[in-house]
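Visitor: what's the 3D shape of this:
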Amino acid sequence: MVSRREIGKMWMLALLYLVLHLLVSTCLPERLAPLSTLFIILAQIAVIVAAWRVSRKLDSSIRLLWWLLAASVGFHAMAMSLDLFSEAFQLPVQNYVPGLSVYCSMLYGVPLLVAVSMPFDRRIVRVARATNALFSLAVGVLLYVQIFSLLTLQGSANRADAVLMLRMFDLLDLFLAAAATIRWFASDHPSERRFFRAIAIFLWVDALLVAIHNRVLIRHDYVWLDLCISAPYAVLAVLIMSSRNVPRPVTASHGTRILQGGSTIFLSVALLVMGVMTARTHFWLGLAAALLAILGYGTLSAFAQSRWREVEESLILSNETLEGLVGVDSLTGIPNRWAFDETLEKECASAWRARAPISLLMIDVDHFKLLNDSRGHQVGDACLIRIAGALRAALPRMTDFVGRYGGEEFSAILPTTNRRGAEAIALKLCHAIEELRLNHPTSPFGVVTVSIGVATCDGSTHPSATGLVWSADQALYEAKDGGRNRVESFAMDTVKAL
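Guide: Numbering: from 1, shown residues only. Down below sits the predicted model:
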């Protein structure tokens, strides 16, 4: 974590550097003017070193962003080195727009276009990288064609060509600044937010100062104008080294998600615009570039959509699996209380629509606490597992439901089953449990048994899940009071009244 004091020192060093640059550009003889250009290059080298140091501790996808920034600054440093060489050896230059230097300066925008167009979705990074690499190559070719159709290595004797180059620089700077700002506010990843915050501020400062520099330079060759070029890089170096103090990003909103989805379009738009501009002088080349931009972005979007579809299907499957796990009792493997409540509500609604009867059985293991006390909880758990299996096996209909209601109590939902049928099934269940012959030394029966309460709604009234449970519980209490290991039914009219 960089302290405020350290950040303050960084800004002071940057300010001292610019003051020293100002002194060099204004106080030294004209023959030493190349030293001013050297100050610009040194500021750019500082940015490259800072970007490299920051990138070392980041994962590959974020590291690539910082490497793209370093490459961008490297292209501009190359252009400044060409200017330094021309100044040092006093080579002839026309209108301050030598072709190779302008080309290298323009190329600085290509890596930044790639950076602002990198997708948020990590699953399509490889495809995006391949697409962006192809787009970058195409943009580089179009820039070369556009620039060297107007300029030579020495520049241009036509003042209008210099003005056109300035406008192209302004358009590129503003486009990059706007795109980086959008990415800054759309990023929900701390490392990405850190990167785009730094370059967005830099690009806005650079767009303003460089526009001033170019418009004054085209009329007056003041050496001190070089400060307009070195100042943004001094600011960027400090922003990079102090960017670990970026506030935590907020949770992405709906608007943020929209920005994230559209951020990959920036490089495609740049290529499309370049293709349209080039088509005026090189029709087929411009048309090919425009088609490449459209097809490439379409391919990338289709690939992203397929990935999102895979994610959606995976989430649906996971949700279904989770719901299945939530509805299963971990001990017995049969549905749990949550599944019982859901199923009973649905079956009651279905019974009312069909005007069909529905029955509910509440099943309680007799003297289960005594079994746990005498033989231990492990034996008790094993007993519940055996009972659950026997109950499930004794209800062969696919529509019948048996689940663990809680503790030693089970339940069974019998759709389209009247009172007589439910009582018969309940007796079958009692016999099935008794035939397991599970030893229960403290029970008067010597083996594990169950008591069952039956409640039925005949379909003439809307069945109530709450009423059925209450009625079945009342019948179960009667079965227990009557000696256990037996079946009791609650009166039909009582069930209707609930």
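Visitor: all contacts plus neighbour counts: C-alpha atoms, from now on.
Guide: OK.
Visitor: what is the lengthiest helix in the chain packed up against?
Guide: Longest helix in the chain, counting residues (DSSP state H): helix 283-326. On a contact count with 3 or more CA pairs under 8 Å, 6 or more residues apart in numbering; DSSP states H and E, helix 283-326 meets helix 125-148, helix 266-279.
Visitor: by how many degrees do the longest one and helix 283-326 diverge?
Guide: Think helix 125-148. 160 degrees (axes from the mean of the first three to the mean of the last three CA atoms, to 10 degrees).
Visitor: starting at the chain centroid, how far to stretch 426-445?
Guide: Its chain's average C-alpha position is 56 Å from that of stretch 426-445, according to CA atoms, centre = their mean, to the nearest Å.
Visitor: helix or strand right after the longest helix of the chain?
Guide: Next in sequence after helix 283-326, counting helices and strands by DSSP states H and E, comes helix 337-354.
Visitor: before we move on, back to that, will you turn the helices and strands packed on helix 283-326 into a markdown table that also has mean neighbour count, distance to Glu87 and mean pLDDT?
Guide: Shown next, in a markdown table, are the helices and strands packed on helix 283-326 (neighbours: other CA atoms under 10 Å; distance: least, CA to CA, whole Å; pLDDT from 0 to 100):
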| stretch | mean neighbour count | distance to Glu87 | mean pLDDT |
| --- | --- | --- | --- |
| helix 125-148 | 18 | 22 | 80 |
| helix 266-279 | 21 | 31 | 85 |
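Visitor: isn't Gln44 up against Val235?
Guide: No: the criterion here is CA atoms under 8 Å, and Gln44 misses it with Val235 at 10.7 Å.
Visitor: looking at these two, which has the bigger crowd around it?
Guide: The residue with more neighbours, out of Gln44 and Val235, is Gln44; 27 against 21, by other CA atoms under 10 Å.
Visitor: domain ranges for the chain?
Guide: Domains of the chain are assigned by automatic domain parsing as 4-314, 337-497.
Visitor: lowest-confidence stretch among these?
Guide: Ranked by mean pLDDT, the domains of the chain end with domain 4-314 at the bottom, a mean of 81.
Visitor: ends of that domain, what's the gap?
Guide: Distance between the boundary residues of domain 4-314 (CA to CA, to the nearest Å) amounts to 46 Å.
Visitor: centre of the chain versus stretch 50-58, how much separation?
Guide: For stretch 50-58, the distance from its own C-alpha centre to the chain's C-alpha centre is 24 Å (CA atoms, centre = their mean).
Visitor: buried ones in that stretch?
Guide: Along stretch 50-58, these residues count as buried under the neighbour rule (16 or more other CA atoms under 10 Å): 50-52, 54-55.
Visitor: which of those residues fall in helices?
Guide: The helices, defined by DSSP H, take in 50-52, 54-55 from the buried residues of stretch 50-58.
Visitor: tabulate those (JSON lines), appending distance to Asn372.
Guide: Shown next, in JSON lines, are these (distance: CA to CA, whole Å):
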{"residue": "Ala50", "distance to Asn372": "70"}
{"residue": "Ala51", "distance to Asn372": "68"}
{"residue": "Trp52", "distance to Asn372": "68"}
{"residue": "Val54", "distance to Asn372": "64"}
{"residue": "Ser55", "distance to Asn372": "63"}
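Visitor: need the max-distance pair from those residues.
Guide: Greatest spatial distance among these (CA to CA): Ala50 and Ser55, at 8.6 Å.
Visitor: strands of the stretch 351-498 of the chain, residue ranges please.
Guide: Using DSSP state E, counting those that start in this stretch, the strands of the stretch 351-498 of the chain run over residues 358-365, 401-406, 409-415, 450-457, 487-489.
Visitor: rebuild the ones you listed as TSV, extending it with distance to Ala479 and mean neighbour count.
Guide: TSV is the format used below for the strands of the stretch 351-498 of the chain (distance: least, CA to CA, whole Å; neighbours: other CA atoms under 10 Å):
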stretch	distance to Ala479	mean neighbour count
strand 358-365	10	27
strand 401-406	18	22
strand 409-415	14	23
strand 450-457	6	30
strand 487-489	5	25
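Visitor: those strands: which one's closest to Pro190?
Guide: Closest approach to Pro190 among the strands of the stretch 351-498 of the chain (CA to CA): strand 401-406, 46.6 Å.
Visitor: quick one: contacts of that closest one?
Guide: For strand 401-406, contacts defined as CA atoms under 8 Å, 6 or more residues apart in numbering pick out 329, 332, 334-337, 339-340, 388, 391-392, 395, 410-414.
Visitor: cool, stretch 441-453 as well?
Guide: By CA under 8 Å, 6+ apart, the list of residues contacting stretch 441-453 from outside reads 361-367, 370-371, 374, 426, 430, 433-434, 437-440, 472-480, 484-490.
Visitor: for ChimeraX, write the select line for the buried members of those.
Guide: In ChimeraX, this line selects whichever of the contacts of stretch 441-453 come out buried by 16+ other CA under 10 Å:
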select :361,362,363,364,365,366,367,371,426,430,433,434,438,440,472,473,474,475,476,477,478,479,480,484,485,486,487,488,489,490
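Visitor: in helices only, show me the contacts of stretch 441-453.
Guide: 370-371, 374, 426, 430, 433-434, 472-480.
Visitor: could you report the neighbour count for Leu427?
Guide: Neighbour count of Leu427, defined by other CA under 10 Å: 16.
Visitor: no more questions from me, cheers.
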